[in-house]
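J.: Below: sequence and its predicted model.
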Amino acid sequence: MKCLAMSFVAVMTLAGVRASDAAVRIKEDRGGRIGAYVDKYKGLRSSGEMVIIDGYCVSACTIVLGSVPPDKICVTSRAKLGFHAAWNPGSKGRQITDAEATQNLYSMYPSEVRRWIDQRGGLSPRMIFLSGRELATMYRPCHLDSRASSY
C-alpha cells in the first residue's frame, strides 16, 4: 500500500509539470560532431523547453545559442561557453581545421556572440571562453528549480 501511495504522489507531481515549465540543464557538455548537435537542438527548439546553461558548454554544444530562442536560454554563474574552429581528424590523430564547417558554425551564432568572437580574433584552433559578466550581458540569469533534466 505504501508503494502504491508513493506512486500516486509521483504521478500527481509529474502531472502538474506543464511542458512550458520543463527545463533542460546543460552542465558538462564537451561537444562533438556538429550535425549531431544541430539535430539534437532542433528537437529541443521545437519542444519549447527552457535551456539552463549551468557549467561547461563547449565546442558543438554552443550551437544551442543559435538553435534555441534567446528567451528560452538562461545562464547560471557557473556557465562557461567555449568556442573554437571546426576540425576533422587527420593522420596520426592530428586536428585539421575545416574552414567551411567553421564558417557554417560561426553563422549559426547570434550576432552578439559573433561580435564577441570577432573581438577575440575569430574562431581558431585555440579555445576562447565566454563566461561571467560578459555572458550575463547577453543572456538572462537562471532562476533554478529542481525540474530541470540534464541534456
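T.: Looks like it arrived, so ask away.
J.: residues contacting the residue nearest the centre of the chain?
T.: Geometric centre of the chain, nearest residue: Val64, 4.3 Å, by C-alpha atoms, centre = their mean. Going by C-beta atoms under 8 Å, 6 or more residues apart in numbering, Val64 touches 26, 37, 41, 44, 51, 53, 57, 73. For glycine as for every other residue, the C-beta is placed from the backbone atoms N, C-alpha and C.
J.: In helices, which of the residues you listed appear?
T.: In this view, the contacts of Val64 that belong to helices under DSSP state H are 37, 41, 44.
J.: Please convert these to a markdown table, extending it with pLDDT and neighbour count.
T.: Shown next, in a markdown table, are the ones in helices among the contacts of Val64 (pLDDT from 0 to 100; neighbours: other C-beta atoms under 10 Å):
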| residue | pLDDT | neighbour count |
| --- | --- | --- |
| Tyr37 | 92 | 21 |
| Tyr41 | 91 | 21 |
| Leu44 | 86 | 19 |
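J.: quick one: low-confidence ranges for this protein?
T.: Where the chain drops to pLDDT under 70, the residues are 1-21, 144-151.
J.: Now do the buried residues in stretch 78-95.
T.: Residues of stretch 78-95 classed as buried: 79-86 (neighbour count, 16 or more other C-beta atoms under 10 Å).
J.: which one of these sits closest to Arg133?
T.: Using C-beta to C-beta, Ala79 is the member of those that sits closest to Arg133, with 11.6 Å.
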